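Peer 1: Starting from these lines, generate the structure:
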Amino acid sequence: MKQFKAIIWGLAIITLGVIFGGNALGLFNFNVFFDGWWTLFIIVPSAISLITEKNRFASLIFLAAGVIFLLAAQDVFSYETAGKTILAMFLVAAGLMIIFRSLVHKSCDKEIEKKVKDLGDGKTMDAQTAVFSGSDRVYNGEVFAGSNLVAVFGGAELDLRRAKFEKDTVIKAFCLFGGIDIKVPDDVQVKIKSGFIFGGASDDRKGDTGKGKYTIYVDAAGGFGGISINDKDE
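Peer 2: Numbering: from 1, shown residues only. Okay, here's the model as predicted:
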């Protein structure tokens, strides 16, 4: 998926280069700076995420917001109307997500909250932070005793496929406008508590993941980002 996403971004940049180059050489005259051209910085990334990401709800909301702003720039309606419409759309979407998650994940969340409280120990848990940057941590035969992951406008990767497990563990993960990728072995169970606004956490492993001697409890939170649990290189 990462390769596919990179290809799409590459094609988008190439297209932009061809447009600027063609204009400069007089091959054609395509005006990039039309009214509302800046909305492309919302529409294009949202459209790409809608195709490449598994959690598409936030991408759809941002795509709709970009289109609404574009229509306002084209004088279809006023910016005031556009702003009020987008605010209403965000509030309704956020409310629906909160209600849905509280109904669907209530019992599981309580179990994970208890485990996080019982097992979470800041003295033994590793810390990994990515702010406007990237951070990678690979366990190779080391004992994993838990981790605190933070990604803000950046990406963090935690590879536990060759880690040793001696007991159930906890991963506390916070993601804001970024992404966290956690790779785990097949013989470890994963239970997730997700508290995201416009984003989410998902177990993307294939096969039977419900068996295993030990369990990783993931306490995931944040907004406008995503956390993926998987077992293979993408």
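
Peer 1: can you give me the helices for the protein?
Peer 2: 2-25, 40-52, 57-73, 79-104, 106-119 (DSSP state H).

Peer 1: Could you check how many residues crowd around residue 126?
Peer 2: Residue 126 has 15 neighbouring residues, counting by other Cβ atoms under 10 Å. (Each C-beta comes from the backbone N, C-alpha and C, glycine too.)

Peer 1: mind checking which helix or strand of this structure has the lowest mean pLDDT?
Peer 2: Lowest mean confidence among the helices and strands of the chain (mean pLDDT, DSSP states H and E): helix 106-119, at a mean of 62.

Peer 1: where in the protein is pLDDT low?
Peer 2: The model of the chain has pLDDT under 70 over residues 1-6, 8-9, 32, 52-56, 97-124, 198, 207-211, 233-234.

Peer 1: In terms of residue numbering, what are the domains of it?
Peer 2: 2-102, 106-230 (automatic domain parsing).

Peer 1: just checking, which of those domains sits deepest inside the structure?
Peer 2: domain 106-230 (a mean of 17; mean count of other Cβ atoms under 10 Å).

Peer 1: if I pick residue 142, what's in contact with it?
Peer 2: 163-164 (Cβ atoms under 8 Å, 6 or more residues apart in numbering).

Peer 1: what separates it from residue 175, distance-wise?
Peer 2: 24 Å (Cβ to Cβ, to the nearest Å).

Peer 1: Next: residue 30.
Peer 2: 38 Å.

Peer 1: got the contact list for the most far-flung residue of the chain relative to its centre?
Peer 2: The centre of the chain is farthest from one residue, residue 26, which by Cα atoms, centre = their mean lies 41.4 Å away. Residue 26 makes contact with no residue, according to Cβ under 8 Å, 6+ apart.
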